[in-house]
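Enquirer: generate coordinates for the sequence data below:
(2 chains)
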Amino acid sequence: MAGLASTDDYSRPFPLLGATAVFSGAGLLIVLKRSPSFAEDWGEASYWVLFAASVFLMLWGLGQLLASAKPDWRWTRFANWNRNRMAVTREGMAYIGIMSVMFIGSILGRTNMLMFVFAMMIGPWVLNGWIAFSMLRRTNAKRTLPQRAMAGDMVSVEIEVENHKWLLGSWLLAARDRAVHARDRFQASALFVRIPARQSRRGHYFVRFSQRGEYSFGPIELTTHFPLGLIERGLVCQDMGKLIVHPRVGRMTSRWRSDLWNATELAEQRQMRAGLFDDEFQRIREYRSGDNPKAIHWRTTARRGELMVREYQQTRDRDLILLVELWQPAQPVASDLDRVELAVSFAASVLYENLRQSREARLRIIIIGADTVAWDHQSSMELALDQLALAEAAPGADVRRTLEETMQRISSSSRVVVVSSRPRSDLRARTREVMEPVELLCLSAEARDLSPYFALEGLV
Amino acid sequence: MTTVLQVSLYGLVMLGSGMLAFAEGSSFPDAFTIPLAILALFVTERWKLFWLRVSWANVLGIAAFVLAGWELSSGQIEARLLSLAHLLVYLTWIVLFLSKTARMYWTLCLLAVLHVAVGAVLTSTGIFGALCGMFLVLAVWTLTLFTLSRARERYAAEDQMLFTKHGEGEAPAEPDRVSVVTFLWNQNSQPVSTVQIDPRLRWISGPFASGVLANVVLSALVGALFFMFTPRIWVGSFAAFGEGPDQPLRILQSGFAEEVRLGDIGQILEGTQTVMEVRMFDQATDQPLDIAEHASRLGFDEPLFRGSVMGEYEKGKWRVGTTGRNDNLKTVPSSPTTSDVVRQEFRVEPMDSGILFAMPQHVAGRLEHRLSQIIERRLTATLYRSDNITGRETLMYTIYSDKPRPGGDLPFPRGTHPSLTLRNEVEYYGLLPERGLERLQSLARQVAQPPNAATSTPTEKAQRLVHFLRDSGEFGYTLDMSIKDSKIDAVEDFLFNRKEGHCEYFASALALMLRAVEIPARLVSGFKGGDVKRSTGYFVVLGRHAHVWVEAYLNGNWRVLDATPASRSDSVKSLAPKSGLFNTLANLFADTWSHSVVGLSFSEQSSNLYTPLKELAQRMWDTFHEDIDNMAKGKLSDDGKFLLRYSLLGLLLMASSVSWLFLVRPRRETGSRSGWFVRCRRFLSWLLPREAATNNGDGWRSRWSRWWIALLRRLRGESAEQRVRVEFYERFLRLLRSAGLEPLPTQTAREFVLASQPTWSQRLAEQPLASVPTDIVARFYRVRFGGESLPPDELRQLETQLRKMEQHWHRQNGQG
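Expert: Model prediction:
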């Protein structure tokens, strides 16, 4: 039986019904053609009825097979051939096995009693398929998706199933949804125990997304194996949807600010007096040679018995330009992909950190990947996260040209950070010759470069 | 539901075991499953005091296989099949005491089905068929509960998983550095599926049980269709279970045996089970013959169906004998050389003998739908099947026999062995045991040749002996088996001590006394008499018609002599089934079961199903052709006109339906409907009102609409709690639903209205209807929970408000 939360089987179920119809039709046709006296023995009407039935079975079965093999063809969609499914559950396979033994035993053993037991078993089998099909008639499923989600977070997806039947309620309807991503796929389901006639029910499932980017949802497949659990019938509802998953956001460490300032010098100025703008008092310390005597804090000096001075620290943030180079070789390996994702997560984390700590600072992010896109603080944050979510790495991504252009234009008070998915040695070599009017921090998206600044929740 | 499922499942296992025990005719080990199942239900399932570990279960499983293998090889059971049945029983015992998972429950179901399947091989009685029906009901009920139960278990499992994943106790670890290579983005997304359960849902309710019952009925119908239409084209002659004439797998209590032990037949003579059904036809004219009349023309007082012939007697037991068994065999021609014969059609229930019964004197015969032939033992003229499959199914065969010749000799069996001289044959059937029958011989001589009589012919002697046993009044007929002196021969005990017995004693005494006076004689077992069943026209022979008589060699021919008193016929008649509804129904069921299930054959399918259907289709086809031709020629019969008229009407209806589907129905969505459609729709709405049209009024129309809606809801399976609804509130809810507003199961009516206020307040702001929703909810509370009845003025006001709301709402939808 198909599991509710199975993620290992994304293949379409084999169209058992279609294949059976084709083989039955073909077999019947062969029997008719090889029995020239059939029409004489059984009448011409019987011959033509059986002939029409065999042709219909073959055509219908072929349609089912075609719809299963090419579900997106216009004609298969138009003909609704692709909507109905039938699969035999594991219990059903055991049931078929026993039924077959009964039938073969009765034929070989010449006993009507075994045939009676076989007939007693096949009745519920057929009814199971018919009832399951009836449960799905005039039902429909719709999905309500959030527009965006964050990788690593649990998201609820709502599914509403409507039962438009007049009298018959639907039991044990499983709405099986699936989503596809370039590097990920999953399916989940919401089981509705009972949907009364002419009513609808809402259910939901949860999913924790692992990949950033766009997930395509749908179609939703309504399945049921009620009442006996032997045959599972399915109905495909073409409700499609898309959801953008933002990159996983980590936490910038305390060293991010301090080290970045140390590296850029201009970003850190301690003064003995208050600045013009938003400088603020930081601490009182002992007097050192060269300190401005005006900064002496006399009350504390008197209390401590030694000279103490007031120190101010400039807390006004500088502009930050973050260049994200998403490079990967033509044949990437796992470590290449890891670096790309880590670089994107680092950029997203910087974005959040900037928003949380320094709302007045201007942040500009330039993503160099398959396409080069830029974002600055005047645009919405969702746009930046969308761009980071959809950014793709490419072998031709090169940060050097963008870096040179950036260096030429920026003011001396800006900071520039490059985070690249290139290996560390490669990145150093490419950025060594770049003019450095400001201090430049180049980080390769490797553990030893990023770990001082960045921690990512959920990493194991 | 868990308790109901457990009880149902264990009940299913017990029923299957009981059926197997019934089929096998032995209570151990099959029926022992029943107390074990009850024990396991409480000890393992309910109280959870004990369950087998898997390792122990494996050991016991191996032991079960070893035990079944020992049974198979030891020869203590009748057939290999029984060892398989016992293996199933042992495995069931083990599974009963295992800790139960869903897979274990399913395994128990399968084992129960296999019990029934094996039982079906062992028996073919109607009672077993009735039990199969009960099993079907219980199996469908149990499987349906099982499916629901698994969904419920999943619900619990998913709920627990969600709680574990988001529980407070599990705070996410916060790593302080990027140090490990395995990142989350190398994994797949993790979906968690859930189950939506309406908290008001009653899992097992009346509609649910009705649905299961309907499922059972429809399943039985579908199964019956499969059973009837699956062609009985048997493949090969598989005898996997090793049964043969000497090792009967299943013995029908027919009363017939190839060899007779005195006293064996007694209880069987009380049997009312059908053994065979006979029809006779004049082959030349194909007209049915009256069998009793035919028997009378042959010289018999009742129809005699000859079976086995026995020649050797020793210590109360008659055997076929060396000469009788080992004589040459002759294949009986399959068809007669002339049509001036009687055709006897037999349908014999399964029995453990290969002998074929027939009224004398056969000239040809054939088995229906079989490759095997009929063979005849020349010395005794008995008929056998050439194959060795017995005891498994209803046998159908046809025997052709000579017509009675007017004024001719009685058509006694010919029975002359070509390799034996007549003298040898006569000597063989004249042998008596050397010791033990001295008093019998003396008595025979006294009776056959009384002192006052002159020299007697063998025929006269035989007649005296028959008269002595049958008509003298010295001997009585009884089915009592008691023996007075076990030290002497059973026949002498009958003649000199008991002086009463049944046909075996009378025939044995006559045969031995005939031999004592040097008249060759042999014992013949078969059936005598029967009843004509009016419903089918068959001459039905039951177990109580089993009979034994004598053939004596007189005047160069074997002649039938029957010394059993006439009170035997009275006894047989007294055993006839009593009338009454129950007995009538039981007999009807037994006959139907015997004919339509156990004895269904391809010829019957052909004659009763395939051919009528074929002929019907052919007639329709021919009629159609003929009418088309007549139409082309411009002439049509009355029947043709009738057919054509209704065909055209059907076509018109189909065309109307299609046009409604493709033309009218799409236009409904645009609102422009044709006039007749609207009128029809209004009429239907008036006749069968929708829920929206119902109200709380007291008029007949309001009552009718409320009754109709209540019926609809009952049919939809809504619980009584759900049916307690207030119509105007339901109408209001439907209106909100059309705007996508649905109350959550946890919301009260007031909470729902307040929560959805932003939506409806916008829509109703332009109209003076903004306060209507809160008014409706207030009234709803008064009616639903306060038990009030709204006064007519308030109801009218409510109706007006609702109508205005609906109009306004739909107008806005149309504009939208």
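
Enquirer: pop out the phi and psi values for B:Leu138.
Expert: Here is the backbone geometry of B:Leu138 (degrees, to the nearest 10): phi -70, psi -40.

Enquirer: neighbours around it, how many?
Expert: Using other C-beta atoms under 10 Å in any protein chain shown, B:Leu138 has 19 other residues around it. C-beta coordinates here come from the backbone N, C-alpha and C atoms, glycine included.

Enquirer: what about the helices in the stretch 251-400 of chain B?
Expert: B:291-298, B:322-325 (DSSP state H, counting those that start in this stretch).

Enquirer: go through the ones you listed and find the least confident stretch.
Expert: With a mean of 61, helix B:322-325 has the lowest mean pLDDT of those.

Enquirer: lowest average confidence, helix or strand, in chain A?
Expert: Between all helices and strands in chain A, the lowest mean by mean pLDDT, DSSP states H and E belongs to strand A:270-271, at a mean of 49.

Enquirer: domain parsing for chain B?
Expert: Domain assignment for chain B by automatic domain parsing gives B:2-164+B:205-228, B:260-314+B:321-429+B:525-548, B:438-522+B:568-597, B:722-815.

Enquirer: so which of those gets nearest chain A?
Expert: domain B:2-164+B:205-228 (3.0 Å; C-beta to the nearest C-beta).

Enquirer: returning to that earlier point: how about the domains of chain B in a markdown table, adding distance to chain A?
Expert: As requested, these are exported to a markdown table (distance: least, C-beta to the nearest C-beta, whole Å):
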| stretch | distance to chain A |
| --- | --- |
| domain B:2-164+B:205-228 | 3 |
| domain B:260-314+B:321-429+B:525-548 | 6 |
| domain B:438-522+B:568-597 | 6 |
| domain B:722-815 | 7 |
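
Enquirer: in JSON lines: those domains, plus distance to A:Arg288.
Expert: Shown next, in JSON lines, are the domains of chain B (distance: least, C-beta to C-beta, whole Å):
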{"stretch": "domain B:2-164+B:205-228", "distance to A:Arg288": "58"}
{"stretch": "domain B:260-314+B:321-429+B:525-548", "distance to A:Arg288": "114"}
{"stretch": "domain B:438-522+B:568-597", "distance to A:Arg288": "112"}
{"stretch": "domain B:722-815", "distance to A:Arg288": "65"}
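
Enquirer: pull the contacting residues for B:Leu145.
Expert: When contacts are counted by C-beta atoms under 8 Å, 6 or more residues apart in numbering or on different chains, B:Leu145 touches B:Met1, B:Val4, B:Leu5, B:Ser8, B:Ile204.

Enquirer: do that again at 7 Å, thanks
Expert: B:Leu145 sits next to B:Met1, B:Val4, B:Leu5, B:Ser8 when contact means C-beta atoms under 7 Å, 6 or more residues apart in numbering or on different chains.

Enquirer: quick one, which of those residues are buried?
Expert: Among the contacts of B:Leu145, those scoring as buried are B:Leu5, B:Ser8 (criterion: 16 or more other C-beta atoms under 10 Å in any protein chain shown).

Enquirer: now the contacts of B:Leu145 in CSV, with pLDDT and secondary structure?
Expert: Putting the contacts of B:Leu145 into CSV (pLDDT from 0 to 100; DSSP: H, G, I helix; E, B strand; the rest coil) gives the following:
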residue, pLDDT, secondary structure
B:Met1, 71, coil
B:Val4, 88, helix
B:Leu5, 89, helix
B:Ser8, 93, helix
